[in-house]
Structures are given as structure tokens and as C-alpha cells.
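K.L.:
Structure, please.
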Amino acid sequence: MARPREFDEEKILLLAVERFWEHGYEATSIRDLAQAIGLTTASIYNAFGDKHAFYRKALDFYVERSFGDRVGRFETKPPREAIGAFFNEIIERSLSDTKRKGCMLVNSALEVAPHDDEFQRVVAQVLVQVEAFFKRCVERGQKDGSINRCQKASDMAGTLLGTLLGIRVLARTRPERDLLEGLIRPIFALLEPNHSQTILSHDR
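P.N.:
Model (predicted):
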């Protein structure tokens, strides 16, 4: 019989996420990971594979604990409230990020994805899911009248995604509340229902 693993995989992934997140993929070696999580390099290779495979597991774990958790908590809220809660949490997390680590997914998009087809697909898939969450919120809000219908839901979702990525990148060098909140105020002005709005032809 195979010998069972003698470590807590969730704890190990948390520690690996912290190491990769703070230092990046290229600057983190298997030796660094072994030191950070308290396993031998052989144990890491046996349990998780090489650095590339370990990073994939760590990134998947991070996405589920961050985006997956956030959507689960907010999607049941009224649509405009869900979008607002999403961005408010992102801004608060960005402002409390004393090490200025940013978002591990966005960091992966900038550092790893341009040079790695697998991670390009992984990051793109998650961003599509984020955009889909925004689109569902906008569509629900346009249906119940809480969100302006002058913009297509797909266009508004793309704008929200772009704003989210901008906040995450900008906060690493300028974590200023007024600046970050100023990025979302015009977006929420677009969402504000307007009694004199022009309904899109495809909604008629």
C-alpha cells in the first residue's frame, strides 16, 4: 500500500501561495518553497510535481479562496449591491496589503501568462468567469430596474473587469483610498438607473 501523506495539504498550499504571491513565480525556487513550507524538495516533487505544476495548484487554490469565495458571498445580494460589495472588498484588501502583493491572478497574468500557454489559458478562463459574474449582475439589475439599460450588459461587464484589473495593478504602487475609490465612482454613475434612459434596440 502507498504510504499516506504526512502533511496537511491545505496548509501547505496556503504557505506556497504566500511565497509565490509575495515573490513571484520566477523569483521562487523549489528550494525556497521547501524552506517556506517545511518540506524537503523531494517531498514537494513527489506530492505536487515540479515548480510549474506546484504553481498551478497554488494558483487554483488562491482563485477558489478569493474569487470563488467572493462570488459565492455576493451573488445572492441585489445586483447593484453585489457589484458594490465586490469592489469595496477589493479596495479594502488593496489598502490593507502592506506588502503590496496585489492579486496573485493579476500578477500571473503579467508575469507568467505572456510566456506560458497553459497559464495564459488558466488566467483567461478565470477572467472570463469574473466578467460573467459582472454580466449576470448587470443583466439582473437591468431586468429589475436597479441598473441603467443604456449600456449593453456585456459592455458594462467588460468595463467592470477592466476597472477591477486597473485597481489591482495601480494599488501596488499607489494604494490611496481617494484614487482607488475615484476609479469606481464614474462606473457606478453609469450603473445608476435613469428614468429618461434610452432602451437598447435589442431589449425592445
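K.L.:
what does stretch 40-55 contact?
P.N.:
5, 7, 9, 12, 16, 20, 25, 28-31, 33-34, 37, 39, 57, 112, 116, 118 (C-beta atoms under 8 Å, 6 or more residues apart in numbering). To be clear about C-beta, it is placed using only N, CA and C from the backbone, and glycine gets the same treatment.
K.L.:
Mind checking which of these are buried?
P.N.:
12, 16, 20, 25, 28, 30, 33-34, 37, 39, 57, 112, 116 (16 or more other C-beta atoms under 10 Å).
K.L.:
Restricted to helices, list those.
P.N.:
12, 16, 20, 30, 33-34, 37, 57 (DSSP state H).
K.L.:
Check the residues you listed and tell me the two furthest apart.
P.N.:
Largest separation among these by C-beta to C-beta: Ala34 and Lys57, giving 15.3 Å.
K.L.:
rewinding a little: looking at the buried ones among the contacts of stretch 40-55, which is nearest Arg93?
P.N.:
Closest approach between these and Arg93, by C-beta to C-beta: Phe20, at 17.5 Å.
K.L.:
so the closest one sits right up against Lys101, yeah?
P.N.:
No - using C-beta atoms under 8 Å as the test, Phe20 is too far from Lys101 to be in contact (9.9 Å).
K.L.:
re earlier: in JSON lines: the buried ones among the contacts of stretch 40-55, plus distance to Ser94 and pLDDT.
P.N.:
Converted to JSON lines, those look like this (distance: C-beta to C-beta, whole Å; pLDDT from 0 to 100):
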{"residue": "Ile12", "distance to Ser94": "27", "pLDDT": "95"}
{"residue": "Ala16", "distance to Ser94": "22", "pLDDT": "96"}
{"residue": "Phe20", "distance to Ser94": "19", "pLDDT": "97"}
{"residue": "Tyr25", "distance to Ser94": "21", "pLDDT": "96"}
{"residue": "Thr28", "distance to Ser94": "22", "pLDDT": "96"}
{"residue": "Ile30", "distance to Ser94": "30", "pLDDT": "96"}
{"residue": "Leu33", "distance to Ser94": "26", "pLDDT": "96"}
{"residue": "Ala34", "distance to Ser94": "30", "pLDDT": "95"}
{"residue": "Ile37", "distance to Ser94": "26", "pLDDT": "93"}
{"residue": "Leu39", "distance to Ser94": "31", "pLDDT": "92"}
{"residue": "Lys57", "distance to Ser94": "25", "pLDDT": "96"}
{"residue": "Val112", "distance to Ser94": "21", "pLDDT": "94"}
{"residue": "Asp116", "distance to Ser94": "26", "pLDDT": "94"}
